[in-house]
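*Asks:* Sequence and predicted structure are below.
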Amino acid sequence: MSDTALKDKPRHAGFVKNNLREYGMLISLFAIMIFFQVVTDGTLLRPLNLTNLVLQNSYIVIMALGMLLVIVTGHIDLSVGSVAGFIGAVAAVLMVKFGMPSILAVLICLALGGLIGAAQGYWVAYFKIPSFIVTLAGMLVFKGLALAILAGQSVGPFPPAFQKLSSGFIPELVPGAGTLYPTSLAIGAVLALVLVWQNFRSRARQEAHHIETEPYGFFLVKNLLFFAVIVYFAYLIASHRGLPNVLVIMTALIALYAFVTTRTTIGRQIYAVGGNEKAAKLSGIKTERLTFLTFVNMGVLAALAGLVFAARLNTATPKAGLGFELDVIAACFIGGASAYGGVGRVGGAVIGALIMGVMNNGMSILGIGIDYQQVIKGLVLLGAVCLDVYNQKRSA
């Protein structure tokens, strides 16, 4: 064995050990997918089911992006499910009962979500009332308001233009060959290339500033696998009806929040507040304003998720949003967010949401009852939090 290989071996081992949580999540996601792919006789990754998996979990991913920032600042939001259901009810009243144009109704609902987040964030940030209490009250309030607005009945159907928010697909620029949608496949391939190119650029930038990077062989293999997986899933999606509109929205939001959390000043300040609020305040960061803004952001994303969910069901029901907050919070913690604040990544939250989604979908295909599904998801969440506590103690 060469001297270079001998030097790289401990470096590889040390890198994997220091990043075990991050890569452990990816390995867990692939292991869960392979398990359900085998036990469901290949049903999980069939193009139709994969598209349904995206549609069924889009609102969880959307809310997980906002919940991540709330958790990173050291808070929690228990009201997101009720807010999503309430916004769906408002949208139904505006569009179905009053005949308001879809675009105007959507804008009003998003603004209303921001106002709800602002109202809750104000009490948490400036009056220092625990977020658990404030958002628990919000959960009860908006659950009751949704029931009152709908008068205990389902309201629908929505206009066709609004339904396309969740059930529509991007138009194809090139006629498909058989059952393959080439435009969707091409977009997936281009996206994979852009992401890999960004990874190489980021690595070059780190090396230029003499920042420690992962071993090159490890980095190269990871990106090759990353590219192959994205193209493969794009092929599966393109084999059904193409890219769903909501998947495009999700991808754009993930890219936006990844950029904000890693490349902007406000993103770094949010992590500083969660890591040590007193130290952040002494360094000149306006901690109250940042906390307030994270709740406003959460309100807007909860509203968007409520609209997506209502469009998918094509109706607003009094029970819409029930239990959403549990899946969203679980997705963030499973994805590596710390219960102590200051730790968490957008990619991790997305992976956590995908793990929850694959588990829900796989267990439903197998015919496992909702009672046992809740038990299994609860145990997975407990395991993720226990791992976080263990890592905190080890690094202390």
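*Replies:* In hand now; what should we look at? Residues are numbered from 1 along each chain as shown.
*Asks:* Break down the stretch 251-396 of the chain into its helices, ranges please.
*Replies:* Ranges of helices in the stretch 251-396 of the chain, per DSSP state H, counting those that start in this stretch, are 265-275, 277-282, 287-313, 324-334, 346-365, 370-395.
*Asks:* mind giving me JSON lines with those and columns for mean neighbour count, mean pLDDT and distance to residue 78?
*Replies:* For every residue, glycine as well, the C-beta is placed using N, CA and C. Converted to JSON lines, the helices of the stretch 251-396 of the chain look like this (neighbours: other Cβ atoms under 10 Å; pLDDT from 0 to 100; distance: least, Cβ to Cβ, whole Å):
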{"stretch": "helix 265-275", "mean neighbour count": "19", "mean pLDDT": "90", "distance to residue 78": "18"}
{"stretch": "helix 277-282", "mean neighbour count": "14", "mean pLDDT": "87", "distance to residue 78": "21"}
{"stretch": "helix 287-313", "mean neighbour count": "25", "mean pLDDT": "94", "distance to residue 78": "11"}
{"stretch": "helix 324-334", "mean neighbour count": "25", "mean pLDDT": "88", "distance to residue 78": "5"}
{"stretch": "helix 346-365", "mean neighbour count": "22", "mean pLDDT": "87", "distance to residue 78": "17"}
{"stretch": "helix 370-395", "mean neighbour count": "13", "mean pLDDT": "73", "distance to residue 78": "15"}
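*Asks:* Find the nearest non-adjacent residue to the residue most central in space within the chain, please.
*Replies:* Nearest to the mean C-alpha position of the chain, by Cα atoms, centre = their mean, lies residue 61 at 2.7 Å. Of all residues not flanking residue 61 in the chain, residue 353 sits nearest, at 4.5 Å (Cβ to Cβ, 6 or more residues apart in numbering).
*Asks:* For residue 113, give me its contacts.
*Replies:* Contact partners of residue 113, counting by Cβ atoms under 8 Å, 6 or more residues apart in numbering, are 83, 87, 299, 300, 301, 302, 303, 304, 306.
*Asks:* quick one on the thing from earlier: and the pLDDT for the residue nearest to the centre of the chain?
*Replies:* Looking at residue 61, its pLDDT stands at 92.
*Asks:* what's the closest residue to residue 124 other than its chain neighbours sitting at in phi/psi?
*Replies:* Nearest residue to residue 124 in three dimensions, chain neighbours excluded: residue 131, at 4.7 Å (Cβ to Cβ, 6+ apart). Dihedral angles of residue 131 (phi, psi; degrees, to the nearest 10) stand at phi -60, psi -30.
*Asks:* Same question for residue 153.
*Replies:* According to degrees, to the nearest 10, residue 153 has phi -120, psi 160.
*Asks:* Count the neighbours of the residue nearest to it when sequence neighbours are not counted for me.
*Replies:* Among residues not flanking residue 153 along the chain, residue 318 sits closest, at 7.6 Å (Cβ to Cβ, 6+ apart). Neighbourhood size, residue 318 [other Cβ atoms under 10 Å]: 20.
*Asks:* So residue 29 sits against residue 356, correct?
*Replies:* No: counting by Cβ atoms under 8 Å, residue 356 is not a contact partner of residue 29; they are 10.3 Å apart.
*Asks:* From residue 207, how far out is the residue nearest to the centre of the chain?
*Replies:* Residue 61 is 32 Å from residue 207, where distance means Cβ to Cβ, to the nearest Å.
*Asks:* now swap in residue 170 and tell me
*Replies:* Distance, residue 170 to residue 207, using Cβ to Cβ: 37 Å.
*Asks:* Looking at the two now, which is surrounded by more residues?
*Replies:* Set residue 170 next to residue 207 and count neighbours by other Cβ under 10 Å: residue 170 wins out with 16 against 12.
*Asks:* these two touch, right, that one and residue 248?
*Replies:* Yes: applying Cβ under 8 Å, one finds residue 170 in contact with residue 248, separated by 6.4 Å.
*Asks:* And for residue 130, the neighbour number?
*Replies:* Counted with other Cβ under 10 Å, residue 130 comes out at 12.
*Asks:* same check, this time on the one 5 residues further on
*Replies:* Burial of residue 135, expressed as a neighbour count using other Cβ under 10 Å, amounts to 26.
*Asks:* close enough to count as contact, it and residue 82?
*Replies:* No: using Cβ under 8 Å, residue 135 is not in contact with residue 82; the gap is 9.2 Å.
*Asks:* contacting residues for residue 203?
*Replies:* Shown in contact with residue 203 (Cβ under 8 Å, 6+ apart): 213, 219.
*Asks:* list the buried ones in the helix or strand harbouring it?
*Replies:* Residue 203 is part of helix 182-208 when elements are defined by DSSP states H and E. Of the residues in helix 182-208, 183, 184, 185, 187, 188, 189, 191, 192, 196, 203 count as buried by neighbour count, 16 or more other Cβ atoms under 10 Å.
*Asks:* Turn those residues into a markdown table, columns for distance to residue 35.
*Replies:* Shown next, in a markdown table, are the buried residues of helix 182-208 (distance: Cβ to Cβ, whole Å):
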| residue | distance to residue 35 |
| --- | --- |
| 183 | 33 |
| 184 | 28 |
| 185 | 27 |
| 187 | 29 |
| 188 | 25 |
| 189 | 28 |
| 191 | 27 |
| 192 | 25 |
| 196 | 28 |
| 203 | 32 |
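*Asks:* Understood, closing this out.
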